[in-house]
Every structure is written in C-alpha cells, then in structure tokens.
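**Q** sequence first, predicted coordinates after that:
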Amino acid sequence: MHPVVFRKLRIAVLFFVLANVVVGAWATRVRTTGWYRPLSVTIHAINGDDSAASAAYIDRLLAMDEVQVDEFFGDIERFFTREGGRYALAGNEPVDIIFAGVREALPPAPPRHGSVLAVMAWSLRLRFWSWRHDDYAALQDGEIFVIYFDPERSRTLAHSLGLQQGLIGVVNAFAAPHMAAENHVVIAHELLHMVGASDKYDPASNAPLVPDGLADPHREPLYPQRQAEIMAGRIALGPRALEAPRSLDQVVVGGATAREIGWID
C-alpha cells in the first residue's frame with residue numbers, strides 16, 4: 001500500500017475510533033443523567049485478601065434469599081429515593097441495585113501516581129476486564145465490584161473509585177457485618193462518581209470544601225454540621241474537626257452534586 005494512502009487510512013480509522021468514543025460518552029451521559037427510569041446497578045462481591053473472614057462474609061451474602069438481599073442493599077436505594085425526592089426528581093426510585101453474587105478474579109489495580117496516559121490505559125484495561133467477567137450486561141446500566149478485606153488484617157484500605165466512562169466502580173470494603181452501613185456510604189459515593197459527580201473535599205486534609213462540601217452551607221453557626229455531603233464524605237464538626245458518617249442516614253446530596261448529576265438545572 002502506498003505510504004500516503006496508508007497514512008490517510010490510519011487517520012480515518014483513528015477519527016472513526018475517536019468519533020465513536022465521543023458519541024459513546026455523550027450517549028452514556030444522556031442515559032445516566034436523564035433519570036427517566038431507575039439506574040440499574042449490578043454489585044459483584046470479591047474476596048480481596050483470600051481470608052477466611054472475607055470468605056465467610058461473602059458466603060453470608062450468597063446465603064441470603066432475594067428479600068434479604070434487597071433489604072441488605074436497600075439502604076442505598078432508599079438513600080437515592082430520599083435525596084431524589086428532595087430535588088423533586090420525577091422518578092420514584094432513581095437507583096435499582098442488583099446483587100450478582102461472587103467474582104473470583106480481581107480487577108486490574110490502578111497505577112500508583114501514574115501519568116494521565118497510564119491512568120487512561122488502566123481505565124481501558126478495567127473496562128475490558130469488566131466486560132470479560134460480566135454476565136449481567138443486558139440487565140444493567142453500571143456495575144460495582146466490591147472487594148472485601150478482613151478488618152483484622154487491613155486497618156486501612158486503598159482508595160475506591162468510580163468511572164463515568166464505562167459506568168464501573170471498584171469499592172474496597174471491610175468484611176464485617178457491623179461495618180456494612182459504612183461500606184454502603186462508599187458504594188453510594190462511587191456510584192455518584194459514575195454518573196458525573198465530583199469530589200468535594202480537600203485531598204490533602206480530607207476536609208469538606210466550603211460551601212459545596214457541606215451538607216448545610218447556610219447553617220448558622222456554620223459548625224458543627226449535622227450531616228455529611230456525600231461527595232465530601234465527612235461530617236464537619238468544625239473547620240478541622242471531622243467525623244466519618246456511620247450510615248447513609250447521616251449523608252445528603254448537596255446542591256452542587258445534584259446539579260452535576262442532572263437532578264437540577
């Protein structure tokens with residue numbers, strides 16, 4: 001093939017791929033922030049440390065019947081229903097959670113302090129891995145892989161993440177029944193990342209940004225706050241005094257987040 005023809009063909013292919021990415025991103029954005037119907041999100045459980053505690057925790061999830069599973073993850077659905085109602089969202093149930101059981105394989109780990117290109121490459125690997133390990137594609141809009149760890153082995157966990165491109169979340173969680181409600185706060189946070197919400201805390205201090213990271217930015221006096229803004233993740237008792245919410249009952253969707261995800265104009 002003549003070099004000029006090959007160059008033009010290569011440019012055409014690259015343009016076609018880019019156009020598909022742009023159109024796909026636009027379609028995903030419209031589909032997930034239109035809120036014309038419940039957003040269907042599939043949750044997969046993964047044993048992250050091969051521990052007996054994580055295996056036992058996941059086994060308890062697998063032993064639940066449909067009603068028990070709905071109740072277990074129901075606090076996430078109720079949170080979105082409650083908060084959507086505060087913004088007069090048309091749909092009664094913004095989010096529908098489906099539990100898909102256990103997955104044996106671990107997703108590819110994100111790069112540590114990677115370049116933009118490294119993060120993009122990892123994102124593509126994660127989306128391909130998700131496609132290979134997914135049996136529920138026809139039933140879902142997005143999916144979250146919850147990786148459980150024994151809290152006796154892991155006192156702290158790596159940062160969880162949610163990708164808008166591909167609607168995939170990876171949540172690191174503790175395999176302890178008394179920590180389930182806190183795990184579900186993290187799941188809701190990453191789910192909101194998947195539909196376009198941004199973090200609203202200072203990464204250096206974890207302190208909520210003022211005003212968007214406060215649950216009630218008009219409160220007088222401003223502190224202590226009584227709840228956490230979901231994308232800030234901390235209850236601001238003072239400018240530097242922070243408390244982690246224990247459940248979604250202590251969390252709200254603030255106005256800036258509601259605007260980012262299409263709940264208000």
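**A** All right, it came through fine.
**Q** if I look at P211, how far off is A236?
**A** P211 sits 11 Å away from A236, taking CB to CB, to the nearest Å as the criterion. C-beta here means a position set from N, CA and C on the backbone, and glycine is covered the same way.
**Q** the more surrounded of these two?
**A** A236 (27 against 15; other CB atoms under 10 Å).
**Q** nearest residue to that one in space, please, no chain neighbours.
**A** Once flanking residues are discounted, A236 sits nearest to Q225: 4.6 Å by CB to CB, 6 or more residues apart in numbering.
**Q** list the residues that contact the one you found.
**A** Taking CB atoms under 8 Å, 6 or more residues apart in numbering as the contact definition, Q225 lies against P208, L214, A215, D216, R219, I235, A236, L237.
**Q** any stretches of the chain with poor pLDDT?
**A** By pLDDT under 70, the low-scoring segments of the chain are 1-33, 91, 114, 133-139.
**Q** wait, is the residue nearest to A236 part of a helix?
**A** No. Using DSSP: H, G, I helix; E, B strand; the rest coil, the assignment for Q225 is coil, not a helix.
**Q** next one: stretch 176-193 to chain centre, how far?
**A** 9 Å (CA atoms, centre = their mean, to the nearest Å).
**Q** contacts for that stretch next, please.
**A** For stretch 176-193, using CB under 8 Å, 6+ apart, the contacting residues are 41, 43, 53, 57, 60, 72-73, 75-76, 79-80, 95, 142, 144, 146, 151, 160-164, 169-174, 199, 230-231, 233, 244-248, 251, 253, 257, 261.
**Q** all the strands of the stretch 1-150 of the chain, in order from the start?
**A** Under the criterion DSSP state E, counting those that start in this stretch, the stretch 1-150 of the chain contains strands at 39-47, 95-102, 142-149.
**Q** looking at the ones you listed, which is nearest to M194?
**A** strand 142-149 (5.3 Å; CB to CB).
**Q** mind giving me the packing neighbours of the closest one?
**A** Counting contacts by 3 or more CB pairs under 8 Å, 6 or more residues apart in numbering; DSSP states H and E, strand 142-149 packs against strand 39-47, helix 52-63, strand 168-174, helix 180-194.
**Q** what's the angle from the longest one to helix 52-63?
**A** So that's helix 180-194. With axes from the mean of the first three to the mean of the last three CA atoms, to 10 degrees as the basis, helix 180-194 and helix 52-63 are set at 80 degrees to each other.
**Q** ok so, going back, can I get the strands of the stretch 1-150 of the chain in JSON lines with distance to L89?
**A** Shown next, in JSON lines, are those (distance: least, CB to CB, whole Å):
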{"stretch": "strand 39-47", "distance to L89": "11"}
{"stretch": "strand 95-102", "distance to L89": "11"}
{"stretch": "strand 142-149", "distance to L89": "18"}
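**Q** nearest to A109, out of those?
**A** Short answer: strand 142-149, nearest of those by CB to CB, at 10.4 Å.
**Q** neighbouring strands for the closest one, and are they parallel or not?
**A** Sheet pairing of strand 142-149 (DSSP bridges) gives strand 39-47 (parallel), strand 168-174 (parallel).
**Q** for those, give me CSV that also has distance to A109 and mean neighbour count.
**A** Converted to CSV, the strands paired with strand 142-149 look like this (distance: least, CB to CB, whole Å; neighbours: other CB atoms under 10 Å):
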stretch, distance to A109, mean neighbour count
strand 39-47, 13, 22
strand 168-174, 9, 23
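**Q** okay if I get those as a markdown table plus distance to P203?
**A** Output for the strands paired with strand 142-149, formatted as a markdown table (distance: least, CB to CB, whole Å):
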| stretch | distance to P203 |
| --- | --- |
| strand 39-47 | 26 |
| strand 168-174 | 17 |
